[in-house]
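*Asks:* Quick one: sequence and predicted model below, then my questions.
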Amino acid sequence: MQNGLIDQYRIWVYPLVLGSGKRLFKDGIKRADLSLVDTKPLSSGVVILIYQPGDNRGCAMGVAEPEVAELSRTDNH
């Protein structure tokens, strides 16, 4: 990550809460700007989030704010 050698991050999110859990990245690691490029929900409830290094300056964790169309779509569910 520090040398820019990763082309894509695939993060699997499981709908399970078991306490505090482990951190994904170590403390003190340089912040990476990531762009969410795809999501793949599975029938088990797991969601695969696919990120690529990008340029999202000023956004928390490098994830862009949702667009108005996305917000209205999620408000209806």
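*Replies:* That came through, no problem. Numbering: from 1, shown residues only.
*Asks:* can you give me the strands for the protein?
*Replies:* Along the chain, counting by DSSP state E, strands occupy 9-13, 34-41, 47-53.
*Asks:* Tell me how far the residue nearest to V13 when sequence neighbours are not counted lies from L5.
*Replies:* In space, and not counting its chain neighbours, V13 is closest to V47: 4.7 Å by C-beta to C-beta, 6 or more residues apart in numbering. C-beta coordinates here come from the backbone N, C-alpha and C atoms, glycine included. Look at V47 and L5: by C-beta to C-beta, to the nearest Å, they are 26 Å apart.
*Asks:* Same check on I50?
*Replies:* Taking C-beta to C-beta, one finds I50 at 17 Å from L5.
*Asks:* quick one: which of those two has more around it?
*Replies:* I50 (15 against 6; other C-beta atoms under 10 Å).
*Asks:* Pull the number of nearby residues for the closest residue to that one other than its chain neighbours.
*Replies:* Distances taken as C-beta to C-beta, 6+ apart place D38 nearest to I50, at 4.2 Å, with adjacent residues excluded. Burial of D38 is recorded as 11 neighbouring residues (other C-beta under 10 Å).
*Asks:* which regions of this protein lie under the pLDDT threshold?
*Replies:* 21, 55-77 (pLDDT under 70).
*Asks:* go again using 90 as the cut-off
*Replies:* For the chain, the stretches flagged by pLDDT under 90 are 1-6, 13-34, 53-77.
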